[in-house]
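In: the following block contains a protein sequence and its predicted model.
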Amino acid sequence: MEEWYHYPLLIAVGFAVGFINTLAGGGSLLSLPVLIFLGLPPSVANGTNRVAIIIQTTMATAGFKSKGVSTFPFNAYLGIASLLGSIIGAYIAVDISGAVFNRVLAIVMIIVVLIIVFGPKMNTVYAHERLTGKYLWSAIIVFFLFGIYGGFINAGLGFLMMLFLHYVNQMTLLRANVTKVVVVLIYMLSALVVFALNDKVNWKIGFILAIGNGTGAWIASRFSVKKGDGFIKIFLMIVVVAMAIRLWFFM
């Protein structure tokens, strides 16, 4: 990471990732390969990416809150469950070899795109959210499992979270998005601690990437509230097509 042009590249990539992650998910499918391509070992790239995601989700949460959108305390329950799972996943990630990590990342990229492309269609509105009782407990259990995956690699998890919240808890895409952002912020903190304690974080690169992530997230969070569910649905479709093209022609 010695070339000067790496830094504006990281900021530009970070902006795209922050925007994509805040409106949909899957941005780490872009940032992780870029960090590895620029010379970071896979495990260090994985840990470094967490720095930018924490700044990104902090800015997105602030952006959503500035527009008066919140799903507290539901998001806090899911965040705590995910945090516990992420500790397990992060410890798995720091011990995995670079070659295995690269193979897992490639497989994850393909699976996530297949789920998005061939998965069920999302409605723009749900009349009644289901955030208590068995629906709350089922979400807590599933988000604990999500947390394990999030601590391990995280790439593409935002899509899965939104699908679950939309269909099981019947949240609108906007409110599912707000919930997802807060949950990721909570569990990413514990995951970053694990990576940092194992010396798997390049802080300088992480904060440079975070400049872009945070800016993209702030703009996307405020923009999505203004545009509503219809815009989020269209953006999801665009991201899916872009990822499918990338996987098909540029893997």
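Out: Here it is on my side, so go on. Numbering: from 1, shown residues only.
In: what ranges do the strands span in this protein?
Out: Using DSSP state E, the chain contains no strands.
In: low pLDDT regions in it?
Out: Within the chain, the segments meeting pLDDT under 70 span 1-2, 102, 105-106, 109, 112-113, 115-117, 119-127, 226-251.
In: show me the residue sitting in the middle of it in space.
Out: If you average the C-alpha coordinates of the chain and look for the closest C-alpha using Cα atoms, centre = their mean, you land on Gly158, 4.7 Å from that point.
In: count of neighbours near Phe207?
Out: Residue crowding around Phe207 was assessed by other Cβ atoms under 10 Å; the count is 16. C-beta here means a position set from N, CA and C on the backbone, and glycine is covered the same way.
In: also Phe72?
Out: When neighbours are counted by other Cβ under 10 Å, Phe72 registers 12.
In: count the neighbours of Ala220 for me.
Out: Per other Cβ under 10 Å, the neighbour tally for Ala220 reads 27.
In: thought it was touching Phe15?
Out: No. Ala220 is not in contact with Phe15 according to Cβ atoms under 8 Å; the separation is 9.7 Å.
In: returning to what we had before: who are the contact partners of the residue nearest to the centre of the chain?
Out: For Gly158, the set of contacting residues under the criterion of Cβ atoms under 8 Å, 6 or more residues apart in numbering consists of Asn21, Ala24, Gly25, Gly26, Gly27, Lys180, Val184.
In: again, 6 Å this time
Out: Contacts here follow Cβ atoms under 6 Å, 6 or more residues apart in numbering; on that basis Gly158 touches Asn21, Gly25, Lys180.
In: do Gly147 as well
Out: So, once contact is read as Cβ under 6 Å, 6+ apart, Gly147 ends up touching Ser82, Gly85, Ser86, Tyr187.
In: swap in 8 Å and give it another go.
Out: With Cβ under 8 Å, 6+ apart, Gly147 has these contacts: Ala81, Ser82, Leu83, Leu84, Gly85, Ser86, Ile88, Gly89, Tyr187.
In: spatially nearest residue to Ala62 (excluding sequence neighbours)?
Out: Here the nearest residue to Ala62 in space, its sequence neighbours aside, is Trp218; by Cβ to Cβ, 6 or more residues apart in numbering that works out to 7.2 Å.
In: shouldn't that neighbour be in contact with Thr58?
Out: No. Using Cβ under 8 Å, Trp218 is not in contact with Thr58; the gap is 9.5 Å.
In: quick revisit: which two in the contacts of Gly147 are spaced the farthest apart?
Out: Longest distance between any two of the contacts of Gly147 is 12.9 Å, between Ala81 and Gly89; criterion Cβ to Cβ.
In: please, where are all the helices along this protein?
Out: Here the chain has its helices, by DSSP state H, at 6-23, 28-37, 42-66, 74-95, 98-118, 133-152, 157-167, 173-197, 203-227, 229-250.
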